[in-house]
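Trainee: the amino acid sequence is not available; the structure is as follows:
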Ligand SMILES: Nc1nc2c(c(=O)[nH]1)N[C@H]1C(S)=C(S)[C@@H](COP(=O)(O)OP(=O)(O)OC[C@H]3O[C@@H](n4cnc5c(N)ncnc54)[C@H](O)[C@@H]3O)O[C@H]1N2
Ligand code: MOO
C-alpha cells in the first residue's frame, strides 16, 4: 500500500501579529501626478495650494448695475461674465449693467441688483449700499493659500476645489492596484450553479472591499485549477497586490504554496489562527508585488480579506487603521486557540451577533455592519469591531 504524505502545516500565526506583519509589509509607493479625473479617493501627497485667487478679480455678486458715487447713474455700458471687461474707469454718477461673476469696472463701489433698480433706457436709480454685492479678488481664497494638507483624501468636493484653484493634475499616493485571480474548476460566474458547481461569491465582493481599504481592483481573472495557469499568471507582469481566491488549503487542487515556492516568493504569513479563514497567506514575489491567498469558502475569504488584505492595502495607500471597541450583546462562544470574527450589528446596547456565520455562507456578513474580533479565551470584555464596507 502506498502511503501518501501530506505537507506538514506550520503553526498558524495569531491574528494581531499577522495583521501587524501585513501592515508592515506594505512599502509606501512614491507620489505620482494624476489627472483630476483619476484622483477621486486618492490621498494628497503634497499640500493643495491655490494657484489663483478666488475670485480671480473683483466681480459682481448679483445681476444688476455696478455703480460709482450716488444715483441716479448714467448707464455707460454692459459687462457679461466671460465677455470683454469694461474699458476704463467708472466715474461718480456712472453705472455699467453687469452680470453675476463679471469683473466690476475700476471705480465701481457697489452693485445695485435689478430687483432694487428703477431703470430707464440710459439711466438707472435705486438705493445702492456702498460696498454691497461686489466679491473682492481673493476674498474667498487668497492666491498661494494652502487649502488642504498632505494626506487629505480627495473627495468629489476636493476635486472641484482643486479645479477651481487651477490644477489639472494632483500629486497623490496612487491607489494600490489589485489583480484578483479566482481559481476553481467548480466555480461558475453566472446563472444557476449546476450539480457540483458553485457560483463565485468572492469575485463580486472584492472590488467594494478593496476600494474601502484604499485600493482598486484593476482586473479579475478566472483561472482553471492547476499549477501551470497560476504559475504563469504570478510569474508575469503584476499589479501591486495579487489576490488568489481558493487554492490556499492543502488539498490536491491547492497549488498556491507550491507555485510561490517555485517562484522564489518570500512567504510572510502562512496561516492565521482565526475562524473562519485560517488557510490564508501573504507572500512577496521576487519583483516586489505582494500575494494574498484567500480561502475558497466565501465568509472565510471575507474574514481573511479583512485580516491580511485590508491592512496591506491601507499600508500601501498610507491610510491610518480605524479602531473601534464595543460590548458584545449576545451569546458568543470564544474559540480556545483562535480569534473568532463574528458578524454583528451595532446597537445602543452593544454589538449584537446576527448568526448565519458558517464559513461557506455570506448570509451573516450581509446582515451585519461590523465584525466583532473575539480573542481566544475571551471572557466577556469589550471587543474590537471592524466596520464592514458600507454600500454606495
Ligand atoms: N485537510 C484540510 N482541509 C481543509 C482545511 C484544513 O485545514 N485541512 N481547511 C478548510 C478550510 S477552513 C477552508 S476555508 C478551505 C479552504 O480551501 P481552499 O482555499 O483551498 O479553497 P477550495 O478548496 O478551492 O474551496 C473551498 C470551498 O470553497 C468553495 N469555493 C472556492 N472558490 C469559491 C468562490 N470563488 N466562490 C464561492 N465558493 C468558492 C469551493 O467550492 C469549496 O467548497 O479548506 C478546508 N479544507
Ligand atoms: O477558513 Mo475555513 O472554515 O475557516 O472556512
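Mentor: Received it, and whenever you're ready, just let me know what you need. Being a predicted model, the structure only gives us computed values, none of them experimental. Residues are numbered from 1 along each chain as shown. Ligands and ions are numbered 1, 2, ... in the order given.
Trainee: going forward, measure contacts between C-alpha atoms and count neighbours the same way
Mentor: OK.
Trainee: what about the chain, any weak spots by pLDDT?
Mentor: Residue ranges of the chain with pLDDT under 70: 1-10, 253, 392.
Trainee: quick check: longest helix of it.
Mentor: Looking only at the chain and at elements set by DSSP state H, the helix with the highest residue count is helix 15-25.
Trainee: what pairs with the very next helix or strand once past it, parallel or antiparallel?
Mentor: From helix 15-25 onward toward the C-terminus, using DSSP states H and E, the following helix or strand is strand 32-35. Counting by DSSP bridges, the strands paired with strand 32-35 are strand 169-173 (antiparallel).
Trainee: list the contacts for the residue nearest to residue 48 when sequence neighbours are not counted?
Mentor: Excluding its sequence neighbours, the residue lying closest to residue 48 (C-alpha to C-alpha, 6 or more residues apart in numbering) is residue 148, at 5.1 Å. Neighbour list for residue 148: 47-49 [criterion: C-alpha atoms under 8 Å, 6 or more residues apart in numbering].
Trainee: of the residues you listed, which is the most crowded?
Mentor: Within those, residue 48 tops the neighbour count with 22 neighbours, counted by other C-alpha atoms under 10 Å.
Trainee: next, that one: phi, psi?
Mentor: For residue 48, the backbone dihedrals (degrees, to the nearest 10) come out as phi -90, psi 120.
Trainee: now the strands for the stretch 1-150 of the chain?
Mentor: Counting by DSSP state E, counting those that start in this stretch, the segments of the stretch 1-150 of the chain that form strands are 32-35, 43-44, 48-49, 59-60, 64-67, 73-79, 94-98, 110-113, 117-120, 123-126, 134-135, 146-148.
Trainee: and the helices in the stretch 251-392 of the chain?
Mentor: Counting by DSSP state H, counting those that start in this stretch, the stretch 251-392 of the chain has these helices, from start to end: 256-262, 298-304, 310-317, 363-367.
Trainee: that should have said the stretch 101-250 of the chain, apologies.
Mentor: Remark: helices of the stretch 101-250 of the chain, listed N- to C-terminal, are 156-164, 206-212, 227-235; assignment by DSSP H, counting those that start in this stretch.
Trainee: could those go into a markdown table alongside mean neighbour count and distance to residue 276?
Mentor: As requested, the helices of the stretch 101-250 of the chain are arranged in a markdown table below (neighbours: other C-alpha atoms under 10 Å; distance: least, C-alpha to C-alpha, whole Å):
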| stretch | mean neighbour count | distance to residue 276 |
| --- | --- | --- |
| helix 156-164 | 16 | 37 |
| helix 206-212 | 19 | 17 |
| helix 227-235 | 16 | 24 |
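Trainee: turn these into JSON lines, columns for distance to ligand 1.
Mentor: As requested, these are arranged in JSON lines below (distance: least, C-alpha to the nearest ligand atom, whole Å):
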{"stretch": "helix 156-164", "distance to ligand 1": "33"}
{"stretch": "helix 206-212", "distance to ligand 1": "10"}
{"stretch": "helix 227-235", "distance to ligand 1": "13"}
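Trainee: out of those, which comes closest to residue 126?
Mentor: Residue 126 lies closest to helix 156-164 among the helices of the stretch 101-250 of the chain, at 34.3 Å (C-alpha to C-alpha).
Trainee: and the angle from that closest one to strand 169-173?
Mentor: With axes from the mean of the first three to the mean of the last three C-alpha atoms, to 10 degrees as the criterion, the two stretches helix 156-164 and strand 169-173 enclose an angle of 140 degrees.
Trainee: how far off centre is helix 156-164?
Mentor: Chain-centre distance of helix 156-164: 16 Å, with C-alpha atoms, centre = their mean, to the nearest Å.
Trainee: let's number from 42 now, not from 1
Mentor: OK, 42 is where the count begins now, so the last one is helix 197-205.
Trainee: and for residue 76, nearest residue in space, chain neighbours not counted?
Mentor: Closest residue in space to residue 76, ignoring its immediate chain neighbours: residue 210 at 4.2 Å, by C-alpha to C-alpha, 6+ apart.
Trainee: who touches residue 426 in this structure?
Mentor: Residues counted as contacts of residue 426 (C-alpha under 8 Å, 6+ apart) are 364-367, 411-414.
Trainee: quick one: buried ones out of those residues?
Mentor: By neighbour count, with 16 or more other C-alpha atoms under 10 Å, those hold 367, 411-414 as buried.
Trainee: narrow those residues to those in strands?
Mentor: Residues from the buried ones among the contacts of residue 426 lying in strands, with DSSP state E as the criterion: 367, 411-414.
Trainee: picking that back up, out of the helices of the stretch 142-291 of the chain, nearest to residue 419?
Mentor: Proximity to residue 419, assessed across the helices of the stretch 142-291 of the chain by C-alpha to C-alpha, is greatest for helix 247-253 (27.7 Å).
Trainee: list the helices and strands the closest one packs on?
Mentor: strand 257-264 (3 or more C-alpha pairs under 8 Å, 6 or more residues apart in numbering; DSSP states H and E).
Trainee: could you rerun that using 10 Å?
Mentor: Judged by 3 or more C-alpha pairs under 10 Å, 6 or more residues apart in numbering; DSSP states H and E, helix 247-253 is in contact with strand 218-224, strand 257-264, helix 339-345, helix 351-358.
Trainee: and this protein, which residues reach ligand 1?
Mentor: 223, 225, 228, 239-243, 287-290, 295, 318-320, 336-339, 341 (C-alpha under 6 Å from any ligand atom).
Trainee: among these, name the buried ones.
Mentor: 223, 225, 228, 239, 241-243, 287-290, 295, 318-320, 336-339, 341.
Trainee: so what sits opposite the residue nearest to residue 270 when sequence neighbours are not counted in the bridge?
Mentor: With sequence-adjacent residues excluded and distances taken as C-alpha to C-alpha, 6+ apart, residue 270 is closest to residue 264, at 6.6 Å. According to DSSP bridges, residue 224 are recorded as the beta-bridge partners of residue 264.
Trainee: over to residue 74?
Mentor: For residue 74, the beta-bridge partners under DSSP bridges are residue 212.
Trainee: for it, give me its contacts.
Mentor: 80, 85-86, 209-215 (C-alpha atoms under 10 Å, 6 or more residues apart in numbering).
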